[in-house]
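S.K.: mind folding the following:
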Amino acid sequence: IDVEDARGARQSTEELSYGTQQQLYLAVRCGLVREYTRRGEPLPVILDDVLVNFDPDRAAAAAIALSDLGDLCQVLVFTCHPQMAEAFISTGKVSARFELAGGKICAL
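M.R.: Numbering: from 1, shown residues only. Got it, this is the predicted structure:
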């Protein structure tokens with residue numbers, strides 16, 4: 001995948017920072033999910049620490065975009081980072097939360 005900026009300069013993904021690569025790939029995955037659910041049976045989307053390499057502003061924006069996918073399909077997010085959990089909670093679209101505590105899964 002090549003990216004192009006507003007001035008028309010092109011870069012390959014190898015030239016991008018790791019965080020920018022992760023943002024690009026997540027955007028592509030979101031597009032694929034939207035296209036697939038438009039044409040077929042919705043499948044759950046499972047994400048594990050997906051925002052860990054994003055700065056706080058981009059993490060918040062990505063959490064909103066991923067939460068919006070919940071209108072189309074089930075989205076399951078796993079994380080051990082409280083700030084990432086908070087990014088999703090702050091969208092107002094989290095329908096259930098669970099925590100692993102003492103080897104048991106507990107509803108919050």
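
S.K.: which strand residues bridge the closest residue to Asp5 other than its chain neighbours?
M.R.: Among residues not flanking Asp5 along the chain, Gln11 sits closest, at 7.7 Å (C-beta to C-beta, 6 or more residues apart in numbering). To be clear about C-beta, it is placed using only N, CA and C from the backbone, and glycine gets the same treatment. On the basis of DSSP bridges, Gln11 is bridged to Val3.

S.K.: tell me how many other residues crowd Gln11.
M.R.: Other residues near Gln11 come to 13 when the count uses other C-beta atoms under 10 Å.

S.K.: was I right about it contacting Ile1?
M.R.: No. With contact defined as C-beta atoms under 8 Å, Gln11 and Ile1 do not form a contacting pair (10.0 Å).

S.K.: so for the residue nearest to the spatial centre of the chain, what's the nearest residue that isn't a sequence neighbour?
M.R.: Centroid-nearest residue in the chain: Leu66, 4.8 Å away (criterion: C-alpha atoms, centre = their mean). Nearest residue to Leu66, sequence neighbours excluded (C-beta to C-beta, 6+ apart): Val75, at 6.1 Å.

S.K.: and the one you found, what does it touch?
M.R.: Pro44, Val45, Leu47, Leu66, Ser67, Leu69 (C-beta atoms under 8 Å, 6 or more residues apart in numbering).
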